[in-house]
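# Predicted coordinates and the sequence they were generated for:
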Amino acid sequence: MRRLLLTFLLLGSGLAHAGELPETDWLELMPKSDQKALEAMPEIDHDSPESDGTFTAKGGLKQSKGLPAVMYSSKTVASMNDKDIRIGGYPVPLESDAKGRSTLFFLVPYPGACIHVPPPPPNQLVLVRYPQGLKLDDIYTPLWVTGKLKVEKVSNDLADAAYALDAAKVRVVEEADL
């Protein structure tokens with residue numbers, strides 16, 4: 001929770017470049033009831049098989065059993081459907097083109113969501129479709145993604161997401177943004 005709030009603060013301080021949309025905060029994708037439940041949530045135990053670097057279980061970003069219900073929430077905010085947004089986050093690559101550019105990826109609100117920490121709830125995961133692709137050298141590099149957000153349930157072997165975004169623009173967060 002503390003890491004999530006810190007990331008919101010870091011990304012939330014970004015100033016828009018000329019002509020860019022104002023930033024959409026990740027909490028805007030979560031109904032108020034989920035926001036309250038998340039704030040009241042106890043610390044999460046990070047002792048998992050993945051914490052020692054062993055990745056044998058299928059799922060990656062799928063939620064493990066026993067977490068508070070808000071960590072599984074796919075409740076969405078209807079007013080966000082078909083909205084043009086700019087949101088900051090971290091990529092989890094899914095598909096690449098022939099040149100190695102990521103064309104399909106999950107955007108998550110904090111770095112390391114695909115390693116050994118519990119992943120964000122589905123309403124805090126956005127599937128990004130970006131046909132022109134982006135060369136990703138490091139999944140810990142924060143991105144700004146701009147495009148039309150859709151309330152769309154997405155499920156694959158890696159994760160479940162409650163939103164998808166057809167990206168018009170993807171760019172790396174620059175030091176000048178902070």
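The structure has been received and is ready for your questions.
# I figured E95 hits T103, correct?
Yes - assessed by Cβ atoms under 8 Å, E95 is found in contact with T103 at 5.4 Å. C-beta: built from backbone N, CA, C; applies to glycine.
# Dihedrals phi and psi, the residue positioned nearest the centre of the chain?
Of all residues in the chain, the one closest to the mean position by Cα atoms, centre = their mean is V108, 1.6 Å from it. Backbone torsions for V108, taken as degrees, to the nearest 10, come to phi -120, psi 160.
# Does it touch V92 like I think?
Yes - V108 is within contact range of V92, at 6.0 Å (criterion: Cβ under 8 Å).
# Find the nearest non-adjacent residue to I85, please.
T24 (4.1 Å; Cβ to Cβ, 6 or more residues apart in numbering).
# So the nearest residue to G112 once chain neighbours are set aside: helix, strand or coil?
Take G112 and drop its neighbours on the chain: the residue closest to it by Cβ to Cβ, 6+ apart is Y140, 7.4 Å away. Of the three states, Y140 takes coil under DSSP: H, G, I helix; E, B strand; the rest coil.
# Look at Y140 and say how many residues are nearby.
Y140 has 9 neighbours, counted by other Cβ atoms under 10 Å.
# List the residues that contact it.
When contacts are counted by Cβ atoms under 8 Å, 6 or more residues apart in numbering, Y140 touches 90, 111-112.
# So which of the residues you listed wins on neighbours?
Ranked by the number of neighbours (other Cβ under 10 Å), the contacts of Y140 place Y90 first, at 23 neighbours.
# which strands and helices sit next to the helix or strand where it lies?
For Y90, the host element (DSSP states H and E) is strand 83-96. Using 3 or more Cβ pairs under 8 Å, 6 or more residues apart in numbering; DSSP states H and E, the elements in contact with strand 83-96 are helix 2-12, strand 102-108, strand 126-134, strand 143-155.
# Give the buried residues for that strand.
83, 85-94, 96 (16 or more other Cβ atoms under 10 Å).
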